[in-house]
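*Asks:* Structure here, sequence nowhere to be found:
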């Protein structure tokens, strides 16, 4: 009898092949999304003045920050609580979550309109173009997360491809309109809005903004902490770079950016894996805790190895090839690259424990760890910056590795809390 049980136990902790397929769609989707953003950035840089390019960069920064907030809430509760449920339940949750995101975007757009009018000039034009299409931009990203919650990464990828396709006629029309900053920003957002409409057809359901209040009440145990976490993570990391630039000089920031560009393939790989990470963690936990832990370890170790391999290759790149890629910035990238390789490895090592703690729906623990690691990520590199630019880069590396260690040390506490909650639920059923 025990011999018959052993194979079942082995199957229980073996990572299913479907995980790698769905993670592959996450990578392809991120490549499509990053490629689209890169192409738009190049087009804007080549078409508009430096002032207009800076104004578009501000609009894009507002978009990315708002996107990170919308992902924290309303989308992350959908990933955590609707990734291992019947299709009917997913449809109900997706309609509410995506609708809430669209409603938040409409409110933000209404706030941007008077700001754009008052600001005027290039910044005003960019903000008004953004405001006109903000709901479509955030709705398109919300569909991506909803599709990954349902294990439909292929649909998320196709939606990003649709956005890229719609950009071609949209920018052509912007050129006919005079290639102004407002026209280009509007074209970018309209293409996203068209892709968001495609998302409605793909999902075969309509967003329900009228369910936003209900969605908040159902998931407020996660929402406030996830929003605080997103704000801390994004805000303090940006503040750290600003302060490093103020202390060590803008050349240091340029050197760090050059090293980041060399390691960007690993970052794209990490972002792609992150799209599928939480839904896969939830599905793994529905089968067994052992499978979840194995999946978390495989995700962190796999990405860390990829980072080390790519970093080692980058260190061996001939100077001629490096200058073809980065020009005069190549020498600075070489100097700062070892530190950024360590930083990138520390970043990707976090994915395992973070996805597991998300699967436990332990927002309290996740926020505590984020507060500690974000503070370390601010204090250590900024303090090191007083010793010079390279010291600041190694400060970022140290903070990244320490942060990864703290996340992994927090995982046992998450497991214990989840087991206590499971015991309580089991007791309530008896």
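*Replies:* Structure received. Small disclaimer: the values here were computed from a predicted structure and weren't measured.
*Asks:* Run through the helices of the stretch 51-200 of the chain in chain order.
*Replies:* Chain-ordered helices for the stretch 51-200 of the chain, with DSSP state H, counting those that start in this stretch as the definition, fall at 76-81, 87-119, 121-149, 153-176, 181-203.
*Asks:* want to throw those into JSON lines with mean neighbour count?
*Replies:* Every residue, glycine included, has its C-beta placed from N, CA and C. As requested, the helices of the stretch 51-200 of the chain are exported to JSON lines (neighbours: other CB atoms under 10 Å):
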{"stretch": "helix 76-81", "mean neighbour count": "24"}
{"stretch": "helix 87-119", "mean neighbour count": "19"}
{"stretch": "helix 121-149", "mean neighbour count": "25"}
{"stretch": "helix 153-176", "mean neighbour count": "19"}
{"stretch": "helix 181-203", "mean neighbour count": "22"}
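*Asks:* As a markdown table, these with distance to residue 236 and mean pLDDT would be great.
*Replies:* As requested, the helices of the stretch 51-200 of the chain are arranged in a markdown table below (distance: least, CB to CB, whole Å; pLDDT from 0 to 100):
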| stretch | distance to residue 236 | mean pLDDT |
| --- | --- | --- |
| helix 76-81 | 19 | 95 |
| helix 87-119 | 22 | 96 |
| helix 121-149 | 23 | 95 |
| helix 153-176 | 29 | 93 |
| helix 181-203 | 28 | 95 |
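*Asks:* closest one to residue 306 among those?
*Replies:* Smallest distance to residue 306 across the helices of the stretch 51-200 of the chain (CB to CB): 19.0 Å, for helix 153-176.
*Asks:* Which secondary structure element of this protein has the lowest mean pLDDT?
*Replies:* Within the chain, confidence by mean pLDDT, DSSP states H and E is lowest for helix 2-13 among all helices and strands, at a mean of 41.
*Asks:* Tell me the first helix or strand C-terminal of that helix.
*Replies:* helix 17-47 (DSSP states H and E).
*Asks:* What residues of that next one count as buried?
*Replies:* Within helix 17-47, the residues that count as buried by 16 or more other CB atoms under 10 Å are 19, 22-34, 36, 40, 43-44, 47.
*Asks:* packing partners for that helix?
*Replies:* helix 50-70, helix 121-149, helix 153-176, helix 181-203, helix 264-287 (3 or more CB pairs under 8 Å, 6 or more residues apart in numbering; DSSP states H and E).
*Asks:* Let me have these in JSON lines, adding distance to residue 382 as columns.
*Replies:* Shown next, in JSON lines, are the helices and strands packed on helix 17-47 (distance: least, CB to CB, whole Å):
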{"stretch": "helix 50-70", "distance to residue 382": "21"}
{"stretch": "helix 121-149", "distance to residue 382": "29"}
{"stretch": "helix 153-176", "distance to residue 382": "36"}
{"stretch": "helix 181-203", "distance to residue 382": "34"}
{"stretch": "helix 264-287", "distance to residue 382": "22"}
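*Asks:* between the ones you listed, which one is nearest to residue 229?
*Replies:* helix 50-70 (10.1 Å).
*Asks:* which residues sit against the closest one?
*Replies:* 37, 41, 44-45, 48, 101, 104-105, 108, 112, 121-123, 125-127, 129-130, 134, 137-138, 141-142, 181, 184-185, 227, 230-231, 234 (CB atoms under 8 Å, 6 or more residues apart in numbering).
*Asks:* picking up where we left off before, ok, which of the helices of the stretch 51-200 of the chain comes nearest residue 288?
*Replies:* Short answer: helix 76-81, nearest of the helices of the stretch 51-200 of the chain by CB to CB, at 17.6 Å.
*Asks:* what's the spacing between that closest one and its chain's center?
*Replies:* Relative to the chain's own centre, helix 76-81 is displaced by 15 Å; criterion: CA atoms, centre = their mean, to the nearest Å.
*Asks:* Could you say which helix or strand holds residue 357?
*Replies:* helix 351-359.
*Asks:* which helices and strands does the helix or strand following that helix pack with?
*Replies:* Heading C-terminal from helix 351-359, the first helix or strand you meet, by DSSP H and E, is helix 363-385. In terms of contacts (3+ CB pairs under 8 Å, 6+ apart), helix 363-385 is packed against helix 212-248, helix 351-359, helix 389-429.
*Asks:* elements contacting the longest one?
*Replies:* Yep, that's helix 389-429 we're talking about. helix 212-248, helix 250-262, helix 289-315, helix 330-349, helix 351-359, helix 363-385.
*Asks:* what do you get for the shortest one?
*Replies:* For helix 351-359, the packing partners by 3+ CB pairs under 8 Å, 6+ apart come out as helix 76-81, helix 264-287, helix 289-315, helix 363-385, helix 389-429.
*Asks:* Where does the record place the domain boundaries for this structure?
*Replies:* Following automatic domain parsing, one finds the domains of the chain at 9-207, 217-421.
*Asks:* okay, the helices of the stretch 51-200 of the chain in JSON lines with distance to residue 400 next?
*Replies:* Compiled in JSON lines, the helices of the stretch 51-200 of the chain are given as follows (distance: least, CB to CB, whole Å):
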{"stretch": "helix 76-81", "distance to residue 400": "23"}
{"stretch": "helix 87-119", "distance to residue 400": "30"}
{"stretch": "helix 121-149", "distance to residue 400": "25"}
{"stretch": "helix 153-176", "distance to residue 400": "28"}
{"stretch": "helix 181-203", "distance to residue 400": "32"}
